[in-house]
Every structure is written in structure tokens, then in C-alpha cells.
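S.K.: Need a 3D model of the sequence below.
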Amino acid sequence: MIRKRITKPIKKWVKEKIRNTYIELDFQKNNVNRDNSKITYLQYESGNPYFLIPKTKEEHEVCELGLPIPPRHLWLGYGKEKEVYLHGKVQVGKMLEVINKSGFDLSGKKRILDFGCGAGRMIRWLKPFADTCEIWGTDISSDHIFWAKKYLRPPFNFATTTTIPHLPFEDKYFDFIYAGSVFTHIDDLTKHGY
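M.R.: Below you'll find the model as predicted:
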């Protein structure tokens, strides 16, 4: 009787969740350290016994908001000049226009996620909201997240994610999620064997 009331999309979603859970469990089971302990996160620099990201005194150019601009090798092909890389300001401006016209207000204790943030090309322009909002950036590239954590935290928070569809947040955690140029990079995964 209950089976008849469960729609096909729900059945498909449950099957996919179960399949992904098995994939994650199998990955964790098969990836162990030399001392037989399970690997949860991959270290940024192998062989180091720590997971802290130390602050350094490296000098970087800054954008008009006073936030460091990443080195060119972290720009993901967004131009060869810093003005082109910083064009994320225009894109965030247009995004804010659209959400304001819809009646949604970002200010006031909202939680925002930049899904696929790279080294902060777009998230940096949300700095005016950082005092009243909890703003996160996620990416599968540990190099980009390492740099962002080192230079853009605070005011933002960052997390490295995996190719297996899972985010380290509870359901319905965010009030607003955006993705800028994520889908254009999906074919990059095949180049790296994912």
C-alpha cells in the first residue's frame, strides 16, 4: 500500500542516495594509511603530520576591497590580466540585482554558499555581507581551497569537497546557493580520471 504512494522520482532519489552512500563507504574502506587507519581527508602536503594551514607573510596584490588576489595559476583560465579575473565583481553585481528584484534580501543572518568557488573570484565581492551573513565557499580543488583558507579567511569560510555528491552541511543549511561557471568545468573531471 505504501509502495503505491511513493512516486518514481522519490524512488529514484532514494536509490541514488543509497548507491552514493555505498560508494563513499567503499572508498573509505579501501583507502587506509600505512598504520591501517582510515583516510577521511587527503593532506595538502603528503608526509606532514598536521592539517593546519599556517598564515604566511607572502605579499599579494589586493582588489579594491582589500582582499588578496590569487596567483595566476589559480585563476582557472579567467583572463591573463587581473582586471579580467576580477570581472567576478560584475557577475556578482548582476546576481545581486536578480535576487533583489525577486524580493530576496541577503542581509540579516543569512547563510550563503558559493558552490565551486575556486580561489574566490566571485565570493570576494560578497565581503560587504560578511558581517551579517555566514558565507562559505566549496570546491573540489584542494589547491584553490588551501589558498582561499590562507588568504580569504576571515571573512569567509571554505571547505574542500569531493567528486562524490556530498557537502559537509546539514540539509537546508543555506538560505542562498549560487554556482558560477561550475558546469563548464565538469569535463575537467574526465581529464583527471574521475
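S.K.: Please, which helix or strand holds Gly77?
M.R.: Gly77 belongs to no helix or strand when assigned by DSSP states H and E.
S.K.: Report how many residues lie close to it.
M.R.: Residues lying near Gly77 (other Cβ atoms under 10 Å) number 9. From N, CA and C alone the C-beta is placed, and that goes for glycine too.
S.K.: Ramachandran angles for it?
M.R.: phi 80, psi 10 (degrees, to the nearest 10).
S.K.: cool, and Lys89?
M.R.: Main-chain torsions, Lys89, degrees, to the nearest 10: phi -60, psi -40.
S.K.: That one: neighbour count?
M.R.: Lys89: 15 neighbours (other Cβ under 10 Å).
S.K.: Provide a list of residues in contact with the closest residue to it other than its chain neighbours.
M.R.: The shortest distance from Lys89 to any residue other than its chain neighbours is 4.9 Å, reached at Trp125 (Cβ to Cβ, 6 or more residues apart in numbering). By Cβ atoms under 8 Å, 6 or more residues apart in numbering, the contact set of Trp125 is Leu65, Gly88, Lys89, Val92, Gly93.
S.K.: for Phe104, same thing?
M.R.: Phe176 are the contacts of Phe104 under Cβ under 8 Å, 6+ apart.
S.K.: Just give the closest residue to Met122, not the sequence neighbours.
M.R.: Nearest to Met122 is Gly88, by Cβ to Cβ, 6+ apart, at 4.2 Å.
S.K.: Pretty sure the one you found sits against Gly180.
M.R.: Yes: counting by Cβ atoms under 8 Å, Gly88 touches Gly180, with 7.2 Å between them.
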